[in-house]
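**Student:** Below is the structure, and that's it, no one-letter string:
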């Protein structure tokens, strides 16, 4: 599971290159991820969020970029899925996908903390 | 070029709204020792750019506000690809974004998710490329500047199309921005007209021989002339002769102007701008070396001034310089066919070419002196100069420039020593001749004004009938002391000065008046010979003037015999024939005077519409009592008769001359045997007594006589 979740080659490169700075990046990723997923959850809790689909797409794009660039491989894929299909998916599927993204983010966060012994 | 050090500490701007990616990029780049500026949006990036120009920008595409493409475009509006390179961060699968990135002016792109090791290399290569490009730009700018300073331009000519292109530095040579040359023909059209064929031939020669060439030629743009040094490279043509011709062209106008100025300064006096001493010598020597016209003279006139030291002491050096410049200016106004120089402080030299006669020199000197005689206003002060001129003449004196100039200076010094002489020839004989010439000219002018010219008449006798058939009118000049001046002395002066024209017409008028007087006095119709000079014969008004005189005195035209010499007749044979035919149509007879002394050919003599030959006295005076030395006279008589011409012998002084001439068929004689030239009144007396001795002459007979 952890192998699918995170691209360790990328994180390894970043860790080596950024050294302690990498922890800052992960912390920023966690903060940013929490904020984005929080915003996504807020949107899907609405009874009708058709008008917020573009906002969902941009949030998915943002999290996709951040996760992809630091090796959060699975999260990036899921965000890409949401970004690409948000305008065609029905609300139910979007809600399902957002929840899935939130779960994957939580797992990814835990894995980063575990892997790099970060204080929470 | 080692760029490893220089690209360190370069500044990179990271533009991304995603804080994670932005932070990662920043830390990654800082870890590579780059300075990093962060921007969270396109707008922020543009604001930051105003404050600090980075060496590279990493730009995300999708951002709130203006996106990465638009931000990149705005950057390109201000900065070139090398000044601020931009690497766009695009999605992996987004091919159209890559195209859009390049369209917007991005230098490169990196796909997301970012391959970090690759990113670092791309950044490094981008910075190194920028460094190289900037260095090249700098080198190009330096080269351009160097070419601009050297006024050097590159050109290329495409042989098949004749299209020609030039580097920018070529056009920078001209103030006008409108110049645009697209073809070899365009180039030729702006080449100086006198150099076009030369330039065209050079290119043709290059095309034939493919040899490197360089040559100078003039170029004209907006009425300004430039001097170009054009270089044509030999082409190492691997393209079957289709490779373009190329080379460089350099504007060497300033260099040429500087050389010309230097050359001018080397050869000219810096105050007056006239030739200096050294240059005068070489100019004169060159003229002498190229002198081919034997009859023409070159006068070297040294011009100096009396009391110059006094003037020098009365004005300061600055005013003296102005005075010298004014003198030079006045001398320049003499004519354009001379060379002027300043020989030393107060001596000028004028070299006058193409002089036909000595009196022309005196005219030039008079012109010089009259110009210099007028007051000079120098700094409010009126200065009068008294000039003297010393003259030497080529080829009469020497053939070296040094000697001729020295002679003129010596002559000038002589003139300065003579109180009343403002002109002095170096040659004593020239001085004597010049004085005599001036004196005779003056006498002629006075004689015309004071009516002291007179015609004498020498009888002409028909040798067979012994009748007095005519007379030759001969000019005489009575001097103020009542002595007579020989025509041998004053006719050449009258010829040289042009006074022969008024004198000649005076003769015609006087002779006609005299004939009229004689006819009115009962004298039978005599034929009176009037000599025409070369100048008079060339005067288009001559026929009219004679006609007018004949009409004025109501004379029979056969009374007029016009005498011309062989040399006049042969000057322009066709014109002479035309003129003589007109005279004969009027009824005047024509005699060829002094025959035998010139160079008439039989063929030309045959063509001339004349009536009579006058055998020169030289062929008569030596004829002996037994007919010795008479062969020439006899031959001329026979020849003239064969041509249908009458013959009159001049200079018949002895009885045996008359006998010989009569025996050999000569028609008429003129000479001291019968009479010397006589004043009109004495001629009338002679006529009266002759008639009394010989009886009445035949009337209405052809006065020219026939054989």
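**Tutor:** Received, thanks. Model, not experiment: these values are computed from the prediction.
**Student:** quick one: low-confidence parts of chain A?
**Tutor:** A:1-3, A:117-120 (pLDDT under 70).
**Student:** again, 80 this time
**Tutor:** Along chain A, segments meeting pLDDT under 80 span A:1-3, A:47, A:117-120.
**Student:** what's the answer for the stretch 51-200 of chain B, then?
**Tutor:** Filtered on pLDDT under 80, the stretch 51-200 of chain B yields the residue ranges B:91-95, B:143-151, B:176-178.
**Student:** Quick one: residues contacting the residue of it found nearest chain A.
**Tutor:** For the stretch 51-200 of chain B, the residue closest to chain A is residue B:113, as judged by CB to the nearest CB, at 3.3 Å. Backbone N, C-alpha and C define where each C-beta goes, glycine included. Contacts for residue B:113 (CB atoms under 8 Å, 6 or more residues apart in numbering or on different chains) come out as A:10, A:65, A:68-69, A:71, A:76, B:92.
**Student:** Reformat those as TSV; add neighbour count and secondary structure.
**Tutor:** Written out in TSV, the entries for the contacts of residue B:113 read as follows (neighbours: other CB atoms under 10 Å in any protein chain shown; DSSP: H, G, I helix; E, B strand; the rest coil):
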residue	neighbour count	secondary structure
A:10	20	helix
A:65	27	helix
A:68	24	helix
A:69	28	helix
A:71	25	coil
A:76	23	helix
B:92	13	coil
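**Student:** Closest one of those residues to residue B:63?
**Tutor:** residue A:65 (10.6 Å; CB to CB).
**Student:** With adjacent residues omitted, what lies nearest to that closest one?
**Tutor:** residue B:18 (4.8 Å; CB to CB, 6 or more residues apart in numbering or on different chains).
**Student:** number of nearby residues for the spatially closest residue to residue B:374 that is not a sequence neighbour?
**Tutor:** The spatial neighbour of residue B:374 that comes closest, neighbours along the chain excluded (CB to CB, 6+ apart), is residue B:330 at 8.0 Å. Burial of residue B:330 is recorded as 17 neighbouring residues (other CB atoms under 10 Å in any protein chain shown).
**Student:** How about the secondary structure of residue B:330?
**Tutor:** Going by DSSP: H, G, I helix; E, B strand; the rest coil, the secondary structure assigned to residue B:330 is helix.
**Student:** Against chain A, how distant is it?
**Tutor:** Residue B:330 sits 93 Å away from chain A when distances are taken as CB to the nearest CB, to the nearest Å.
**Student:** my read: that residue touches residue B:371, true?
**Tutor:** Yes. Using CB atoms under 8 Å, residue B:330 is in contact with residue B:371, at 4.5 Å.
**Student:** Residue B:210 versus the residue nearest to residue A:65, what's the distance?
**Tutor:** Computed with CB to CB, to the nearest Å, the distance linking residue B:18 and residue B:210 is 65 Å.
**Student:** more neighbours, those two?
**Tutor:** A count of neighbours by other CB under 10 Å puts residue B:18 above the other of residue B:18 and residue B:210, at 27 against 16.
**Student:** okay, that one: pLDDT?
**Tutor:** Reading off the per-residue confidence, residue B:18 sits at a pLDDT of 91.
**Student:** Which residues are in contact with it?
**Tutor:** With contacts taken as CB under 8 Å, 6+ apart, residue B:18 has the following neighbours: A:32, A:62, A:65-66, B:60.
**Student:** ok, so of the residues you listed, who is nearest residue B:394?
**Tutor:** Minimum distance to residue B:394 across these is 95.3 Å, recorded for residue B:60 (CB to CB).
**Student:** Next, that closest one: phi, psi?
**Tutor:** Dihedral angles phi and psi of residue B:60 (degrees, to the nearest 10) take the values phi -70, psi 160.
**Student:** Can you name the residues of chain A sitting close to chain B?
**Tutor:** By CB under 8 Å from any CB of the partner chain, the part of chain A that sits against chain B consists of A:10, A:13-14, A:17-19, A:21-22, A:24-25, A:28-29, A:32, A:58, A:61-62, A:65-71, A:76.
**Student:** at 6 Å what do you get?
**Tutor:** Where proximity means CB under 6 Å from any CB of the partner chain, the interface of chain A facing chain B comprises A:13, A:17-18, A:21, A:25, A:28-29, A:32, A:62, A:65-66, A:68-69.
**Student:** What about these, which are in strands?
**Tutor:** Helix and strand membership here follows DSSP state E; of the residues of chain A next to chain B, not one is in strands.
**Student:** could you dump those to a markdown table with distance to residue B:582?
**Tutor:** What follows is those, written out as a markdown table (distance: CB to CB, whole Å):
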| residue | distance to residue B:582 |
| --- | --- |
| A:13 | 121 |
| A:17 | 120 |
| A:18 | 123 |
| A:21 | 123 |
| A:25 | 124 |
| A:28 | 125 |
| A:29 | 126 |
| A:32 | 125 |
| A:62 | 120 |
| A:65 | 117 |
| A:66 | 122 |
| A:68 | 120 |
| A:69 | 119 |
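**Student:** name the helices or strands packed onto the top helix by length along chain A?
**Tutor:** Counting residues, the longest helix in chain A under DSSP state H turns out to be helix A:91-116. Where contact means 3 or more CB pairs under 6 Å, 6 or more residues apart in numbering or on different chains; DSSP states H and E, helix A:91-116 is packed against helix A:2-5, helix A:21-44, helix A:73-85.
**Student:** Which stretch among those approaches residue B:666 most closely?
**Tutor:** Taking CB to CB as the criterion, residue B:666 comes closest to helix A:73-85 out of the helices and strands packed on helix A:91-116, the separation being 141.0 Å.
**Student:** what residues does the closest one touch?
**Tutor:** The contact list for helix A:73-85 (CB atoms under 6 Å, 6 or more residues apart in numbering or on different chains) reads A:4-5, A:7, A:57, A:60-61, A:63-64, A:67-68, A:97, A:101, A:104-105, A:108.
**Student:** Check stretch B:552-571 too.
**Tutor:** The set of residues that contact stretch B:552-571 without belonging to it, under CB under 6 Å, 6+ apart, is B:512, B:515-516, B:525, B:527-532, B:534, B:537, B:576, B:583, B:586-591, B:593-594, B:598, B:600, B:608, B:703.
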